[in-house]
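Trainee: got a predicted structure plus its sequence, pasted below:
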Amino acid sequence: MKPFSFLLLTFLFITSCQNSTGETSEDTTPTQIGSALMDGTSEMTPILVGETSNQAIWLEYIQAHNDRDLDKIAEINAEDWEGYTADGSVLKGNASHIETLDNWFKTAAPKWEVKWMIANAAKNKDDVLEQWLTTGNDYTDIDAEGNPIFEYNVHDILFVNGKIKKINVYKRAKEVEGAEFSY
């Protein structure tokens, strides 16, 4: 009798654990990873896991910059591309961006190396889910006197339909051992 009772209890346990509706019990709710005060909003908005496929686009974009491939950069940019730099300058439009890069590349040798990327998304003021990619990049160049330049760059990139619409650039100089700390 004991083996029969054990088998009956095992059967009841197994069948009670099954989902009778045929649906999976996997949670499909987007994972919240933070919050942000998006432009034009007055309340914090959840930041969600974003589309990681945008990472490949960013890597291709950075490679195009390193290769001075203006056609590829223009192809990846949205026509209404916007760029905001750490010094406060603003550039708008794909054609303006390409012209500025063309002039810069003639007199400088900038290079970037992508160190990390975080895909994220948040709803904007119009309740549209925006796809962002936040990246950490090492930036190197040579100044007019031939001295090496090194900066840590963080780029916040807005993607719309697989194109780069907006880039916010933040930077920090390379650390200097023994330098006095200041803000």
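Mentor: Received it, and whenever you're ready, just let me know what you need.

Trainee: surely T140 meets N147?
Mentor: No - between T140 and N147 there is no contact under CB atoms under 8 Å: 11.4 Å. Just so you know, the C-beta spots here come from the backbone N, C-alpha and C atoms, and that holds for glycine as well.

Trainee: neighbour-wise, which of the two wins?
Mentor: When neighbours are counted by other CB atoms under 10 Å, T140 and N147 differ, and T140 comes out ahead with 14 against 8.

Trainee: residues contacting that one?
Mentor: Residues in contact with T140 (CB atoms under 8 Å, 6 or more residues apart in numbering) are P110, K111, W112, E113, P148, I149, F150.

Trainee: repeat the analysis, applying 7 Å as the threshold.
Mentor: K111, P148, I149, F150 (CB atoms under 7 Å, 6 or more residues apart in numbering).

Trainee: show me where this protein has its strands.
Mentor: Assigned by DSSP state E, the strands in the chain fall at 32-36, 45-49, 77-84, 90-92, 111-123, 129-142, 148-160, 163-173.

Trainee: partners of the last one, with directions?
Mentor: Each strand that strand 163-173 pairs with, and the sense of that pairing, follows from DSSP bridges: strand 77-84 (parallel), strand 148-160 (antiparallel).

Trainee: adding distance to M38, write the contacts of T140 out as JSON lines.
Mentor: As requested, these are exported to JSON lines (distance: CB to CB, whole Å):
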{"residue": "K111", "distance to M38": "32"}
{"residue": "P148", "distance to M38": "38"}
{"residue": "I149", "distance to M38": "33"}
{"residue": "F150", "distance to M38": "32"}
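
Trainee: same question for stretch 48-63: list its buried residues.
Mentor: Buried positions in stretch 48-63, judged by neighbour count with 16 or more other CB atoms under 10 Å: L48, G50, E51, N54, Q55, I57, W58, Y61, I62.

Trainee: just send these back as JSON lines, with pLDDT and distance to E79 too.
Mentor: Converted to JSON lines, these look like this (pLDDT from 0 to 100; distance: CB to CB, whole Å):
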{"residue": "L48", "pLDDT": "96", "distance to E79": "27"}
{"residue": "G50", "pLDDT": "97", "distance to E79": "23"}
{"residue": "E51", "pLDDT": "97", "distance to E79": "21"}
{"residue": "N54", "pLDDT": "98", "distance to E79": "18"}
{"residue": "Q55", "pLDDT": "98", "distance to E79": "23"}
{"residue": "I57", "pLDDT": "98", "distance to E79": "16"}
{"residue": "W58", "pLDDT": "98", "distance to E79": "19"}
{"residue": "Y61", "pLDDT": "98", "distance to E79": "16"}
{"residue": "I62", "pLDDT": "98", "distance to E79": "21"}
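
Trainee: bridged to the spatially most central residue of the chain, which residues?
Mentor: Centroid-nearest residue in the chain, with CA atoms, centre = their mean: L133, separated by 1.1 Å. With DSSP bridges as the criterion, L133 is bridged to A119, I157.
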